[in-house]
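Enquirer: Using only what follows, build the 3D model:
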Amino acid sequence: MANDLSLSLDKRNQSNGKAFSIIANQSNSSNSIDNLFRVANRYYNMDKLGNFKKTIDVILERSIARGDTLSKTKAYSYLGDFYVSQAVSDSAFLYYSRAEKLYLQRNDIYNLARTRLNKAILQFNEGDFIGSEIAVFSALRAIKKEKASDVLYIAYNHLALIHNELRDYNRAIEYNLKALASIDNKLIPSVFQSKAESLNNMGYVYQNMNRHDKALIYFKDALKQENLKADKPGLYAMVIDNLAYSKFKTGDFDGLPEEFFKSLKIRDSLQLTSGSIVSKMRLSEYFAFKKDPSKSLKFAKEALNESLSSKNYRSVLLALKRLSVIEPQKAAFYTKEYIRINDSLQVTERKMGDKFTRIEYETDQIKSENTDLLVQNRNLISIFTVLGFLGLLIFIIKSQKAKNRLLLFKQQQQNANEEIYNLMISQQNTIEISRIEEKKRVARELHDGVLGRMFGVRMNLDGLNAYQDDSAIRERTNYLSELKNIEQDIREISHDLNREKSELINNFVAIIDKLFEEQKKTYKAKFTSFIDSDIRWELVSNAVKINLYRILQESLQNSNKYAAADEIKVEFKKVDNQIVFKTIDDGVGFNVKTAKRGIGIQNIIFRTNECKGVLDIESKKGKGTKITVTIPIE
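Expert: Next up, the predicted model:
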């Protein structure tokens, strides 16, 4: 009865509960464990996740008691799926890691690769793009000699998503093409709509490249796939929304905004919160273009509220950015909120990345489990294991809280930072330009007004020199001399005001100096800095400046928090056609080979590569650290 889809959900749930009670009272056998897995699958399909977890806990306990490694491994994988559904990423990662290790021991290549892909998707959703990419390639290495079209498809499709997020669109297109080529209709049933998904992903890449005419071709091809709406209504809604947006961007308003609303209706019916937010953001943009500010504001605020309630902070940032455009009078408030949430999001992602790293490390350290002891004391050990694990996890979180390092920014975050930086530059430039214009205006007033009138007075006095009495001549001579002096003084003032004595304030240098001042005020270490005046910062792109600023922040953080340095030195020098940036400290030092696997150093490496630069790290334990970044000036 639990499998009879014609019955109501409540009746099927009751039948499945009875089946669980019967099987749970049976002796511990491989047959009973198999039946419990069937019960668990039914609970999962009925979205009864609490009962699903309860069933898997029983399976895990029985599997350990029997020494059934296969069932235990499968149970770990199921627990990973459960915690994914609950958005508890660290617990999901832990159980996937345990399953991965056991699949590796059993040489179960297929399930090993699938588990690594599950980990990769989990890391991607938490913003750990580098970790996610590493996990995907680990899965591909595992199946390189196997025929597993579905694994290849998922891997290439996921790599395309990663590189699309990183704005490496050529690589994203390359992996999407590989995903399409890997589809085997015999091994991958059409119900999965793999081709439609890849076509949509390909169109989305071109959409991000602002090549909407090209994107439309792929979205239309995706909609041509048979039974797409019935098989995958969520994907169908996504394709419609993408198609409508690209049509809007190309100036084709046929069927708009009806297609946007159609997609939104499907997403709302399926409770696809993230998709609903995207639809509303695009409707806001559409109505803003159509000069309907009330509707534009309505959908933007709905998107913001849904993003906040679902804790989708990336969407919160996008909604705040849109609202700052719609309501310029509140732009300062929205910008402040944007910066606050963006900083909080970075910290959260950094913590999650560190937590994933620790979980993998701890999982690798586990050598074996004492099965006999678990059989004799399974109830007591289960309680103490859970409590001990929670205590250890809390202890690790607290002890590592002060040592968290910055994660690699997603390219979207980097662009957001660049926009904020550009806003700061623009504001400072506007003030400076206004100041210069005012100086020029005063100069013109002095030169054309005052000097002209005074010159006329001097000419009139010259004309009076015809009178030759001594008193008049002396008086006129004194006036003329005084007027000439005043004229010369005003002319000098006019020229000084009109001449730009120096270039515009170098905004980047000002921002760096502010960071240096904060360093001196906050930390006890002796700090010295040097910025070469020959560097023409106006020739350096904002992207390079932002990367340099973040590398400097990371380096100072490492010197202050981890190196315990007494003296820190920072240099920016121009050598030939390059900027050479150095940070030197006399701290405790570290093993460079080991540290390069850390998130902080990976972040510095990534940003240096983004600038097409060269990174050199010199450090030994007890002998301080020297970081040199050489970046060409294009």
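Enquirer: Verify the assumption that Phe219 is located in a strand.
Expert: No. Secondary structure of Phe219 (DSSP: H, G, I helix; E, B strand; the rest coil): helix, not part of a strand.
Enquirer: Wait, it touches Val239, no?
Expert: Yes. Between Phe219 and Val239 there is a contact at 5.6 Å, judged by CB atoms under 8 Å. In short, each C-beta sits where N, CA and C put it, glycine included.
Enquirer: ok, for Thr625, nearest residue in space, not its chain neighbours?
Expert: The spatial neighbour of Thr625 that comes closest, neighbours along the chain excluded (CB to CB, 6 or more residues apart in numbering), is Ser619 at 4.0 Å.
Enquirer: That neighbour: neighbour count?
Expert: Ser619 has 19 neighbours, counted by other CB atoms under 10 Å.
Enquirer: mind listing what it touches?
Expert: The contact partners of Ser619, by CB atoms under 8 Å, 6 or more residues apart in numbering, come to 589-592, 595, 625-626.
Enquirer: So Asn200 sits against Met238, correct?
Expert: Yes. Contact criterion CB under 8 Å: Asn200 and Met238 qualify, at 6.3 Å.
Enquirer: Retrieve the pLDDT associated with the closest residue to Met209 other than its chain neighbours.
Expert: Leaving out its chain neighbours, the residue that sits closest to Met209 by CB to CB, 6+ apart is Tyr169, at 5.1 Å. With respect to pLDDT, Tyr169 has a value of 90.
Enquirer: go on, Ile59?
Expert: 92.
Enquirer: Show me whatever sits in contact with both of Phe219 and Val239.
Expert: With CB under 8 Å, 6+ apart as the test, Phe219 and Val239 both reach 200, 203.
Enquirer: in stretch 315-331, what's buried?
Expert: 315-324, 326-327, 331 (16 or more other CB atoms under 10 Å).
Enquirer: now stretch 570-578
Expert: Buried residues in stretch 570-578, defined by neighbour count with 16+ other CB under 10 Å: 570, 572.
Enquirer: swap in stretch 329-342?
Expert: The neighbour-count check on stretch 329-342 (16+ other CB under 10 Å) flags 331, 334-335, 337-338, 341-342 as buried.
Enquirer: returning to what we had before: the residue nearest to Thr625 and Ile394, how far apart?
Expert: Here the criterion is CB to CB, to the nearest Å. By it, Ser619 lies 32 Å from Ile394.
Enquirer: Show me the shaky parts of the stretch 101-250 of the chain.
Expert: Residues of the stretch 101-250 of the chain meeting the criterion pLDDT under 70: 184-192.
Enquirer: Show me where it has its helices.
Expert: Along the stretch 101-250 of the chain, counting by DSSP state H, counting those that start in this stretch, helices occupy 109-125, 129-142, 149-165, 169-182, 194-208, 212-223, 228-231, 233-250.
Enquirer: right, so of those, which gets closest to Asp57?
Expert: helix 109-125 (19.7 Å; CB to CB).
Enquirer: The closest one vs helix 129-142, what angle?
Expert: With axes from the mean of the first three to the mean of the last three CA atoms, to 10 degrees defining the directions, helix 109-125 sits at 170 degrees from helix 129-142.
Enquirer: by contact count, what packs against helix 109-125?
Expert: helix 69-85, helix 89-106, helix 129-142, helix 149-165 (3 or more CB pairs under 8 Å, 6 or more residues apart in numbering; DSSP states H and E).
Enquirer: mind listing the strands for the chain?
Expert: Assigned by DSSP state E, the strands in the chain fall at 526-531, 567-575, 578-585, 614-619, 625-632.
Enquirer: packing partners for the last one?
Expert: Looking back up the chat, that one is strand 625-632. Using 3+ CB pairs under 8 Å, 6+ apart, strand 625-632 is in contact with helix 542-557, strand 578-585, helix 599-610, strand 614-619.
Enquirer: could you give the mean pLDDT of the first one?
Expert: Throughout helix 542-557, pLDDT has a mean value of 88.
Enquirer: Make a markdown table from the helices of the stretch 101-250 of the chain and add distance to Arg267 and mean neighbour count to it.
Expert: Conversion of the helices of the stretch 101-250 of the chain to a markdown table gives the following (distance: least, CB to CB, whole Å; neighbours: other CB atoms under 10 Å):
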| stretch | distance to Arg267 | mean neighbour count |
| --- | --- | --- |
| helix 109-125 | 18 | 22 |
| helix 129-142 | 25 | 20 |
| helix 149-165 | 19 | 22 |
| helix 169-182 | 23 | 19 |
| helix 194-208 | 14 | 23 |
| helix 212-223 | 16 | 19 |
| helix 228-231 | 13 | 16 |
| helix 233-250 | 5 | 22 |
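Enquirer: Among these, which comes closest to Lys262?
Expert: Between Lys262 and the helices of the stretch 101-250 of the chain, the shortest separation by CB to CB is 5.9 Å, and it involves helix 233-250.
Enquirer: neighbouring contacts of stretch 153-166?
Expert: Contacts for stretch 153-166 (CB under 8 Å, 6+ apart): 113-114, 117, 120-121, 124, 129, 132-133, 136, 139-140, 169, 171-176, 178-179, 182-183, 188, 194, 197-198, 201, 204-205, 208, 410-412.
Enquirer: Fine by me, thanks again.
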